[in-house]
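Novice: pasted the sequence and its predicted model underneath.
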Amino acid sequence: MILRHTFSPPNNTRLGHLCGPMDEHLRTIEAALQVGIAHRHEQFKVDGPKAKATRAMEMLQALYEMAARPIALDKVQLMLAGDAAMDEAGDGALVLHTRRADLRARTPNQSVYMDNMASHDITFGIGPAGTGKTYLAVAMAVDALERSAVQRIVLTRPAVEAGERLGFLPGDLNQKIDPYLRPLYDALYDLMGFDKVQKAFERNALEIAPLAFMRGRTLNNAFVILDEAQNTTPEQMKMFLTRIG
């Protein structure tokens, strides 16, 4: 079966991010799904069995939507790995409705992780980089906020590289801490969109700060995410646990 799609509006930067260096992303999808992918500018053609060709085209469309920034090969591989494990996750898996698409667990461990976040006050997520720990936690937080299950989202992570002595860095506070919090911003923009994120900041429904700034805070009726918790000191972890009650 041959499927064709023209990405509109044409955007050479997005197309470059979609294809990857030397079409690396396309070759990876071809090998995993056993399809052929050809393209000329914004026109793409996928050739293969109906189900696999359809899935490959869906992946290309999803990647194009997130291609405002460069896409890591790990992201493509994670999407492909999720397809292989989707059946194991089960049809009863938790589904989160986001602006881009319905979000569900792609592996059995992700399904357990999301179920634990939905049913427990405190959940620990441990795993290799690129397995969705931060992204799924932020997605659960956004879902809880939009359902009014919580009043605000608090995202924090230790600014390890700066030793949390941020005064030596140039710029104002936001410029100093922005590089360490960028992964959290990326997840929020992907799930909510830039405008909704800015409005949430304006009404104090969303807060992102280094862990050092959590001292003395009262975090009631909030969905709190501590990212990169393995980099905290024992004193920082004790402080964080007292802050969340």
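Specialist: Structure's in. What do you need?
Novice: and the closest residue to Asp186 other than its chain neighbours, helix, strand or coil?
Specialist: Using CB to CB, 6 or more residues apart in numbering and skipping the chain neighbours, the partner closest in space to Asp186 is Arg69 (7.5 Å). C-beta coordinates here come from the backbone N, C-alpha and C atoms, glycine included. Under DSSP: H, G, I helix; E, B strand; the rest coil, Arg69 falls in the coil class.
Novice: find the centremost residue of this structure, please.
Specialist: The chain has Tyr135 as the residue nearest its centroid, 3.3 Å off, counting by CA atoms, centre = their mean.
Novice: show me how the protein divides into domains.
Specialist: The chain breaks down by automatic domain parsing into domains covering 2-71, 89-243.
Novice: for the shortest one, what is the average pLDDT?
Specialist: Here the mean pLDDT over domain 2-71 is 88, rounded to a whole number.
Novice: mind listing the strands for the protein?
Specialist: Ranges of strands in the chain, per DSSP state E, are 2-6, 36-40, 43-47, 95-97, 102-104, 152-157, 206-210, 222-226.
Novice: which neighbouring elements make contact with the fifth one?
Specialist: It refers to strand 102-104. strand 95-97 (3 or more CB pairs under 8 Å, 6 or more residues apart in numbering; DSSP states H and E).
Novice: with the longest one instead?
Specialist: Counting contacts by 3+ CB pairs under 8 Å, 6+ apart, the secondary-structure elements packed against strand 152-157 are helix 133-146, helix 173-192, strand 206-210, strand 222-226.
Novice: sheet-wise, list the partners of that strand with their directions.
Specialist: Strand 152-157 sits in its sheet next to strand 206-210 (parallel), strand 222-226 (parallel), going by DSSP bridges.
Novice: among those, which is the most enclosed?
Specialist: Counting by mean count of other CB atoms under 10 Å, strand 222-226 has the highest mean neighbour count of those, with a mean of 21.
Novice: and the angle from it to helix 133-146?
Specialist: Orientation check (axes from the mean of the first three to the mean of the last three CA atoms, to 10 degrees): strand 222-226 against helix 133-146 gives 170 degrees.
Novice: what does strand 222-226 contact?
Specialist: 134, 137-138, 140-141, 144-145, 149-157, 184, 211, 232, 240, 243-244 (CB atoms under 8 Å, 6 or more residues apart in numbering).
Novice: buried ones from those residues, can you make that a ChimeraX selection?
Specialist: Only the buried members of these enter the following ChimeraX selection, criterion being 16 or more other CB atoms under 10 Å:
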select :134,137,138,140,141,144,145,150,152,153,154,155,156,157,184,211,232,240,243,244
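Novice: for Lys133, see how far away the residue nearest to Asp186 is.
Specialist: According to CB to CB, to the nearest Å, Arg69 and Lys133 sit 20 Å apart.
Novice: possible to save the strands of the chain as a markdown table with distance to Gln198?
Specialist: Formatted as a markdown table, those follow (distance: least, CB to CB, whole Å):
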| stretch | distance to Gln198 |
| --- | --- |
| strand 2-6 | 32 |
| strand 36-40 | 35 |
| strand 43-47 | 33 |
| strand 95-97 | 21 |
| strand 102-104 | 22 |
| strand 152-157 | 14 |
| strand 206-210 | 9 |
| strand 222-226 | 19 |
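Novice: before I go, just wanted to say thanks for your time.
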